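[1] Quick one, what's the 3D model for this:
(chains A and B)
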Amino acid sequence: MKVYPSIALVVAVLAIVPFVTASNAVLNFLVMALLIALAGQGWNLLGGYGGQYSFGHAAFFGTGAYVTAILQVRYGINAWLGLFIGVAAGALVGAVIGALSFRSGLKGSYFSLVTLAFAEVLRIVASVTPITGAGVGTLIKLDLRPEAFQFQSRAPFYWIALGFVGLSLVLMRAIEQSRFGAYLVAIRENEDAAEALGVDAFKVKLAAMTVSAAITATAGCFYAQYFLFLDAAIAYGPWISVDALLAPIVGGAGTLFGPLAGALVIKTLGEATKLMTGGAPGLDLVIYGLVLIAVVGLAPRGIAGLAARLIPRRRTGAQP
Amino acid sequence: MSEALLRIDNIVKRFGGLRAVDQVSFDVVPERITALIGPNGAGKTTLFSLVAGFLPPDHGRIVFDGADVTGEPPHRLAHRGIGRTFQIVQPFAGLTVRENIAVGSHLARSRRTDALAAAGDVAHAVGLSAQLDQPAVTLTVAGRKRLELARALAIEPKLLLLDEVLAGLNPSEIRDMVPVIRAIAGRGVTILMIEHVMQAVMSLAAQVFVLAEGRIIAQGAPHEVAADRRVIEAYLGHGAASRMAAGAAHD
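    Sure thing, here's the model as predicted:
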C-alpha cells in the first residue's frame, strides 16, 4: 500500500468521528490520544529512528506550553503567534540540550539520564520562578474565539490536533525517504560505521533532536490552549516524558504509525483502568509499566512489528 | 613512480605506557594494492584507526591527496575519499543489504532513489546482487564481509582501507573474494589492506609493509618480504630464521 494515501485515509477516517458522536467524553479521550501521539511523533524521530532514547521530552512539551501561555497572559500576544514562538522555543531547548549532550559524546542510557535531568531541572525552576506563576500555575484567560485559538466545542480542537498529527506523519514520511532519514537510521544501527561512510553523526543527531523537540513542543502549545491551565508538574512533569516514549515504543519505535497506534492503545488502557478501579491514583501507571514490560519482552518492535511479522509470514508461506 | 596518495609520516600512538604505533612512516602509491602485515598485536588495526580518523595520533602527520588530514574526524575523511571496512563487521543490522550500501551511496547523492539505485550497482560489483533485499542480519560471514566492502566502496573512495576482509572465510570463499578485490583495484581505487591470509597478500599486493611491535621492520615486494630474516623472526620468534636455515641445510 502506498504510504501517503494511507496517511490521508487514516486522517480522513479519524476526521469523521465528530460527525458520528458529539460525546464530550469520546472527543476528550481522542484529543488526549492525539496529543500523546503528537508528542510521541517527536520522540519517535529522535528515539525510534535515531536510537537516542530521551527520558525528558517533557522539557520540550513544557517549554512549548509555557511560552504559548506566558506570551498571552503576560504580554498579550496572540495565541496563534504564541504557538509558533512556543514551537521555536521548544526547538531551541532541544538544540541546546542536544548540543551539550552530543558534544560530550553521551550515548545510550547516559543520554537518557541527562535528558531526564534537564526536564527535572526545568520542572523545578518552573515551580519557583514568578514568570510561570510558580506554585500557583498559569491560567490562560477564557476567550472563546478561533482567533484566540479557543473554541466553543471540542470538535475544532480535535480537528486541529488531528491536523498536527497528520502534518507530522507527512513530515516523518518525507524524512524516512530522505538522506537525513537514512543517515539517522544508520546512526541508530551503528554510529562508527555511519561515520566511516561520511555521516556527521553530531550534526545529524542535533538536527533530529531539534525537529523532535519542535514536534513535541507543538503538543505542549496545544495542551495549553486546550486546558487553559499549566503548572510545573503538568508542563514539565515526567508523565509526558513517559507517555511520549511509551506510545511509540508500544506502537513500534521507528515506524511511521507507531506513535499514533501506541497512543490510542495506551490511552484506551489508561481509561479502562480508571473505569475498572474507580480511578485509584497511580494504578494506570502500574498498568503502563506492565504493558511496557510485555511489549519489550514479547513484541520488541511494537504493534507495527507484530503486524509485519504476521503479514509476511503468510506471503513467504508459499515458498519452499 | 608517482606521488604518494597517502603519506604516513612519523606517526606515534601510545596507550598508557604501550607504544602501539611507534614512529611509523610509509607511503601508499596510487592505483596499487599495498598490504600491511604483521603478527597479532603489532599495531596494524591501531594504525588503520589513525588513518581513518577514529583515533587521533599523539605525534606525526598523515597526508592524503596532498592535504594534511591529521586528526580529522572519520566523516570528513570519508568526504575526502577514504573508505574503510571494519575487522569486526559492523552491518546496519536492522536494514536490508541495499539500504546498508545506500548509506554510503548517499555521500555523493542526496536523493533516496538515486542512492538506492547506485547501491544496486555496487552490490553487483561485489557479488551481492542476489541478497539485495534481504536484511543484513541474514547474511553469512562471507556475505557480511562483502557487505563491508560494498558499503565502503559505495562512497566511491580514492583510497580503500581493508581491515582483514578475508579473515574468517574458508579457502573457497577466499578464492571467490580475491578477484573481487583485484577488480576494485583495477578500476583505479588505491587499496591499503591489512591481511593475515598470506596467499592473498602474495597474489594481490604490489608492496608489503611489515609491522611488528609498532614499528615497520621490513618492506618490499611480497616475495622479498616473505624471505626477510626479520619478518620470519617477528612471526616465529628470535632465532627462528637461523634454525630454519640450519634445518634446510640438513635436508
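
[2] Wondering if stretch A:185-199 reaches chain B at all.
    Yes. Counting by CB under 8 Å from any CB of the partner chain, chain B has neighbours in stretch A:185-199: A:185-186, A:188-190, A:192-199. For glycine as for every other residue, the C-beta is placed from the backbone atoms N, C-alpha and C.

[3] mean confidence score for the helix or strand hosting A:Ile311?
    Per DSSP states H and E: A:Ile311 is located in helix A:302-316. For helix A:302-316, the mean pLDDT works out to 70.

[4] separation between A:Gln52 and chain B?
    15 Å (CB to the nearest CB, to the nearest Å).

[5] right, and that residue touches A:Ala208 too?
    Yes. The criterion here is CB atoms under 8 Å, and A:Gln52 meets it with A:Ala208 at 7.4 Å.

[6] and B:Leu36, what helix or strand is that in?
    Per DSSP H and E: strand B:33-37 holds B:Leu36.

[7] For stretch A:31-46, list every residue counted as buried.
    For stretch A:31-46, the neighbour count (16 or more other CB atoms under 10 Å in any protein chain shown) marks A:31-46 as buried.

[8] And the helix or strand just after the strand holding B:Leu36, how far out from the chain middle?
    Once strand B:33-37 ends, the next helix or strand along the chain (criterion: DSSP H and E) is helix B:44-51. With CA atoms, centre = their mean, to the nearest Å as the basis, helix B:44-51 stands 10 Å off its chain's centre.

[9] what comes into contact with helix B:44-51?
    B:6, B:8, B:11, B:13, B:20-21, B:24, B:36-38, B:55-57, B:62, B:82, B:84, B:87, B:161, B:163, B:192, B:194, B:211 (CB atoms under 8 Å, 6 or more residues apart in numbering or on different chains).

[10] Next, the angle from that helix to strand B:33-37.
    130 degrees (axes from the mean of the first three to the mean of the last three CA atoms, to 10 degrees).

[11] Pull up the per-residue confidence for the closest residue to A:Arg123 other than its chain neighbours.
    Nearest non-adjacent residue to A:Arg123, counting by CB to CB, 6 or more residues apart in numbering or on different chains: A:Tyr236, 3.5 Å away. Listed pLDDT for A:Tyr236 reads 95.

[12] backbone phi and psi for A:Tyr236, please?
    phi -110, psi 10 (degrees, to the nearest 10).

[13] Give me the buried entries from the contacts of helix B:44-51.
    B:6, B:8, B:11, B:13, B:20-21, B:24, B:36-38, B:55, B:57, B:62, B:82, B:84, B:87, B:161, B:163, B:192, B:194, B:211.

[14] can you pull the contacts of B:Arg109?
    Contacts of B:Arg109 by CB under 8 Å, 6+ apart are A:179, B:115, B:118.

[15] secondary structure element for it?
    Under DSSP H and E, no helix or strand contains B:Arg109.

[16] B:Asp27: what secondary structure?
    Three-state call for B:Asp27 (DSSP: H, G, I helix; E, B strand; the rest coil): strand.

[17] Is A:Met32 in contact with A:Lys267, as I believe?
    Yes. The pair formed by A:Met32 and A:Lys267 meets the contact definition of CB under 8 Å, at 6.0 Å.

[18] before we move on, the earlier item: pretty sure the residue nearest to A:Arg123 is touching A:Gly62, no?
    Yes. Using CB under 8 Å, A:Tyr236 is in contact with A:Gly62, at 3.7 Å.

[19] Mutual contacts of the two, please.
    Jointly contacting A:Tyr236 and A:Gly62 under the rule CB under 8 Å, 6+ apart are A:119, A:122-123, A:126.

[20] before we move on, back to that, please flag which of the buried residues of stretch A:31-46 sit within helices.
    Using DSSP state H, the subset of the buried residues of stretch A:31-46 located in helices is A:31-43.

[21] which of these lies closest to chain B?
    Checking these against chain B with CB to the nearest CB, the nearest one is A:Trp43 at 18.5 Å.

[22] tell me the centre residue of the chain?
    Chain wasn't specified; assuming chain A. When chain A is reduced to its mean C-alpha position, the nearest residue by CA atoms, centre = their mean turns out to be A:Ala39, at 1.3 Å.

[23] Switch to chain B, please.
    Centre-nearest of chain B using CA atoms, centre = their mean is B:Leu162, 2.2 Å out.

[24] Quick check: residues of the stretch 1-150 of chain B near chain A?
    Residues of the stretch 1-150 of chain B lying near chain A (CB under 8 Å from any CB): B:52, B:54, B:73-76, B:78-79, B:83-84, B:86, B:90-95, B:99, B:102-104, B:106-107, B:109-112, B:115.

[25] For the residue nearest to the centre of chain A, which residues are in contact?
    Counting by CB under 8 Å, 6+ apart, A:Ala39 touches A:57, A:61, A:215-216, A:219-220, A:240, A:243-244, A:247.

[26] Check B:Ile217 too.
    Taking CB under 8 Å, 6+ apart, one finds B:210-211, B:230-231, B:234 in contact with B:Ile217.

[27] Checking my notes, it in a helix, right?
    No. Using three-state DSSP, the secondary structure at B:Ile217 is strand, not a helix.

[28] Quick check, pLDDT for it.
    For B:Ile217, the pLDDT comes out at 91.

[29] B:Met1 too?
    For B:Met1, the pLDDT comes out at 46.

[30] what's the answer for B:Pro74, then?
    Reported pLDDT for B:Pro74: 96.

[31] What pairs with the strand holding B:Leu36, parallel or antiparallel?
    strand B:190-194 (parallel), strand B:207-212 (parallel) (DSSP bridges).

[32] What are the buried residues along stretch A:72-90?
    A:72-73, A:79, A:82-83, A:86-87, A:89-90.

[33] What is the burial count for residue 19?
    Reading this off chain A. 8 (other CB atoms under 10 Å in any protein chain shown).

[34] please go with chain B instead
    Neighbours of B:Arg19 under the rule other CB under 10 Å: 16.

[35] buried stuff in the longest helix seen in chain A?
    The helix that spans the most residues within chain A, counting by DSSP H, is helix A:201-227. For helix A:201-227, the neighbour count (16+ other CB under 10 Å) marks A:201-202, A:204-226 as buried.

[36] helices and strands around it, which ones?
    The contact analysis (3 or more CB pairs under 8 Å, 6 or more residues apart in numbering or on different chains; DSSP states H and E) places helix A:201-227 against helix A:24-43, helix A:58-75, helix A:79-103, helix A:154-176, helix A:179-189, helix A:191-196, helix A:232-235, helix A:238-251.

[37] how far out from the middle of the chain is the last one?
    Yep, that's helix A:238-251 we're talking about. 7 Å.

[38] tell me the angle it makes with helix A:24-43.
    Using the same axes, to 10 degrees: helix A:238-251 against helix A:24-43 is 80 degrees.

[39] elements contacting the following helix or strand past helix A:238-251?
    Next in sequence after helix A:238-251, counting helices and strands by DSSP H and E, comes helix A:258-277. For helix A:258-277, the elements it packs on are helix A:24-43, helix A:238-251, helix A:283-298, helix A:302-316, judged by 3+ CB pairs under 8 Å, 6+ apart.

[40] could you give the mean pLDDT of the first one?
    When you say that, I think you mean helix A:24-43. 95.

[41] Same check on stretch B:148-161?
    Rounded mean pLDDT across stretch B:148-161 is 96.

[42] Please save the CA atoms from it in CSV.
    C-alpha atoms of stretch B:148-161 as CSV (Å, rounded to 0.1, in the frame of the first residue of the first chain):
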residue,chain,number,x,y,z
GLU,B,148,31.5,-4.3,4.5
LEU,B,149,33.4,-4.0,1.2
ALA,B,150,30.3,-2.8,-0.7
ARG,B,151,29.5,-0.1,1.8
ALA,B,152,33.0,1.3,1.8
LEU,B,153,33.0,1.2,-2.0
ALA,B,154,29.7,3.0,-2.2
ILE,B,155,31.3,6.3,-1.0
GLU,B,156,33.4,6.0,-4.2
PRO,B,157,36.7,6.3,-2.3
LYS,B,158,40.1,7.1,-3.8
LEU,B,159,41.7,5.1,-1.0
LEU,B,160,40.1,1.9,0.4
LEU,B,161,41.3,0.6,3.7
